[in-house]
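1. Task: produce atomic coordinates for the following.
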Amino acid sequence: MAKNLFSFLFNQKNIRETAKSSPKEQAWYIRAEKIVNRVSKVFPEPKFESWNSCEELILSATVACEQISKFEIGTEKSALLLNRVCIYFTQKNEYIKAESFCEKSLEIRKKYLAKNSPDIAESLSNLAGIYYEQGKYTQAIPLYEKGLIIKEYIFGKEHPSIIQNLNGLAAIYGTQTKLKQAESLYQRSLNIEEKTTSNNQLRMADTLNNLALLYRAQGNYSKAESLFLRSLEVRKKYLNNTHPLVAQSLHNLGLLYYAQKKCKQAEPLYQKSLEIREKFLGKEHRDVAETLNSLGELYRSQHEYTKAKPLYERSLEIRKKILGEEHPDITESLNNLATLYFEHGDYNQAEILFQKSLVIQEKTLGKNHALIATSLNNIAVLYCSQSKYAQALPLLQRSLAILEKSLGYNHPTTELTRKNLKQLQKYIYG
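-> Below is the predicted model of the structure:
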């Protein structure tokens, strides 16, 4: 009934506006609307299973979306098409295009629907996701929160539809090292998934994967491994073994083993993940860059520099192309490439890249993020290797203060930094 009411409101508004136009303009409008309706009917929701259809129809869909803007076609079907095209471009990592389509869909829905419409909540949440992927966390948070409020008002606080918002907010808190807040939201998502009658196993696998990443960041490796394996098992059961989500699980499990210095277990997982991602996502996808970077890091740690460097460089180029020059993912690539130069003895090039990474991190993440502590620590080690101990000391002190606040006093990284600082102080002061 609510859906029919929304359609009625859309149509009545457009009938009134079209009536003000000339007969010729009305004819063009009607023709354009028919095109939009036809394309909206056949363009599927972008999923792995429907991806080939999306690829075949995307040109027609984007042309139809141009007609929506040109003729101001404010209908339920036009908003739906814009939303689906937005999701398609988000998954293609084309965030600027995705943002434009999502904003237009939201504009139409806000104009013709009630403030608490579930369609408005959907558009808000999708736009938040696009901002998140671009590292625009301060813009994403209020949209996720507003979408969450609407969904809770309509569906209640234990409805599966709010999981998108809970997980989105949790992911942002995780990047901001607000780990307790992130864990609380992920746990709430899991509780909802376990209680709901639909019990969507694949959606639960997503939350298990996200929570496992959080535990890995906290240094709780046994909990993380258990959840990663559960998520991987579910995904293999309900999807095929070459699905991009299976590749994600393999990659993340590799990250966990690498963190525990289990390189022999991590390497085949990275390689399999890279194979799947390149095949199904393309060789210039953001997820491909992620695995290239991880594999490069593994080879660097084993002093296989000739293998590591081209992987780092390729990862950095993909990320720059997709994300621009000032995204947190760029700083990860810069730091890793700088570490490779440092270990190769090229201290000047290493310092340039470390400092460039630090500037971007402080601009995009603030001055007290855990990743900044890592950059400070890297520069301190670089200075120590050149006997510049007085320059290294304040960097390690600042790094430790950040880590104790962001990761906790007993986190493995915090403990290692504290140990390094004590050794440096002993060396300087005796």
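2. Could you pull out the buried residues of the one helix or strand residue 404 maps to?
-> Per DSSP states H and E, residue 404 falls inside helix 389-406. Buried residues in helix 389-406, defined by neighbour count with 16 or more other Cβ atoms under 10 Å: 392-393, 395-400, 402-404, 406. C-beta coordinates here come from the backbone N, C-alpha and C atoms, glycine included.
3. and if you look at stretch 69-77?
-> Those would be 71, 73-77, for stretch 69-77 by 16+ other Cβ under 10 Å.
4. before we move on, the earlier item: chain center to the helix holding residue 404, what's the gap?
-> Relative to its chain's centre, helix 389-406 lies at 29 Å (Cα atoms, centre = their mean, to the nearest Å).
5. Save the buried residues of helix 389-406 as JSON lines, and put in distance to residue 368 too.
-> Listed next are the buried residues of helix 389-406 as JSON lines, based on distance: Cβ to Cβ, whole Å:
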{"residue": "392", "distance to residue 368": "20"}
{"residue": "393", "distance to residue 368": "19"}
{"residue": "395", "distance to residue 368": "14"}
{"residue": "396", "distance to residue 368": "16"}
{"residue": "397", "distance to residue 368": "14"}
{"residue": "398", "distance to residue 368": "9"}
{"residue": "399", "distance to residue 368": "11"}
{"residue": "400", "distance to residue 368": "12"}
{"residue": "402", "distance to residue 368": "5"}
{"residue": "403", "distance to residue 368": "10"}
{"residue": "404", "distance to residue 368": "11"}
{"residue": "406", "distance to residue 368": "7"}
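6. Can you tell me which of these is nearest residue 299?
-> Lowest distance from residue 299 to the buried residues of helix 389-406 (Cβ to Cβ) belongs to residue 399, with 25.8 Å.
7. What confidence value was assigned to that closest one?
-> Per-residue confidence (pLDDT) for residue 399: 95.
8. roughly how far apart are it and residue 421?
-> Relative to residue 421, residue 399 is positioned 8 Å away (Cβ to Cβ, to the nearest Å).
9. follow-up on the earlier one: would you point out the most distant pair within the buried residues of stretch 69-77?
-> 71 and 76 (15.7 Å).
10. pretty sure residue 44 is in contact with residue 85, am I right?
-> No - the pair residue 44 / residue 85 is not scored as a contact, 11.3 Å apart, by Cβ atoms under 8 Å.
11. Check which helices and strands the helix holding residue 404 sits against.
-> Here helix 389-406 touches helix 370-385, helix 412-429, going by 3 or more Cβ pairs under 8 Å, 6 or more residues apart in numbering; DSSP states H and E.
12. JSON lines for the ones you listed, including mean pLDDT and mean neighbour count?
-> Formatted as JSON lines, the helices and strands packed on helix 389-406 follow (pLDDT from 0 to 100; neighbours: other Cβ atoms under 10 Å):
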{"stretch": "helix 370-385", "mean pLDDT": "93", "mean neighbour count": "22"}
{"stretch": "helix 412-429", "mean pLDDT": "90", "mean neighbour count": "15"}
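13. Nearest to residue 53 among the ones you listed would be which one?
-> helix 370-385 (39.4 Å).
14. Could you check the angle the closest one makes with helix 412-429?
-> 30 degrees (axes from the mean of the first three to the mean of the last three Cα atoms, to 10 degrees).
15. contact partners of helix 370-385?
-> The contact list for helix 370-385 (Cβ atoms under 8 Å, 6 or more residues apart in numbering) reads 177, 328, 331-332, 335, 338-339, 342, 347, 350-351, 354-355, 357-358, 361-362, 365-366, 389, 391-393, 395-396, 398-400, 402-403, 406-407, 413, 417, 420, 424.
16. just stretch 172-182 next, same as before
-> 132, 137, 140-141, 144, 170-171, 185, 210, 213-214, 217-218, 328, 365, 369-370, 406-407.
17. Could you rerun that using 6 Å?
-> Residues outside stretch 172-182 that contact it (Cβ atoms under 6 Å, 6 or more residues apart in numbering): 137, 170, 214, 218, 370, 406.
18. Name the nearest of those residues relative to residue 317.
-> Closest to residue 317, out of all of those and judged by Cβ to Cβ, is residue 137, at 24.6 Å.
19. Quick one, grab the pLDDT at that closest one.
-> Residue 137 is assigned a pLDDT of 93 by the prediction.
20. need the contact list for it.
-> residue 172.
21. before we move on, the earlier item: and the helices and strands packed on helix 389-406: which comes nearest residue 206?
-> helix 370-385 (23.7 Å).
22. Tell me, please, where in this structure the pLDDT is lower than the cut-off.
-> Applying pLDDT under 70 to the chain flags the ranges 1-21, 197-199.
23. Find the residue at the geometric middle of it.
-> The chain has residue 133 as the residue nearest its centroid, 4.3 Å off, counting by Cα atoms, centre = their mean.
24. need the contact list for residue 167.
-> Residue 167 touches 189, 210, counting by Cβ under 6 Å, 6+ apart.
25. And the chain, split by domain according to the record?
-> The chain breaks down by automatic domain parsing into domains covering 1-149, 201-302, 325-430.
26. Specify the angle between the helix holding residue 404 and helix 370-385 in degrees.
-> Going by the same axes, to 10 degrees, helix 389-406 makes 160 degrees with helix 370-385.
27. Which residue, neighbours along the chain excluded, lies closest to residue 323?
-> residue 329 (5.9 Å; Cβ to Cβ, 6 or more residues apart in numbering).
28. host element of that neighbour?
-> Using DSSP H and E, residue 329 falls within helix 328-343.
29. Show me what that helix is packed against.
-> When contacts are defined as 3 or more Cβ pairs under 6 Å, 6 or more residues apart in numbering; DSSP states H and E, helix 328-343 sits against helix 286-301, helix 305-323, helix 347-365.
30. which of the residues in that helix are buried?
-> Quick answer for helix 328-343 (16+ other Cβ under 10 Å): 328-342.
31. and the gap between residue 419 and residue 412?
-> 11 Å.
32. before we move on, back to that, which of residue 44 and residue 85 has more residues huddled nearby?
-> residue 85 (29 against 14; other Cβ atoms under 10 Å).
33. quick one: the spatially closest residue to residue 311 that is not a sequence neighbour and residue 284, what's the gap?
-> Excluding its sequence neighbours, the residue lying closest to residue 311 (Cβ to Cβ, 6+ apart) is residue 296, at 3.5 Å. Distance of residue 296 to residue 284, computed by Cβ to Cβ: 16 Å.
34. Of those two, give the one with the bigger neighbour count.
-> Taking other Cβ under 10 Å, residue 296 and residue 284 do not tie; residue 296 has more neighbours (27 against 14).
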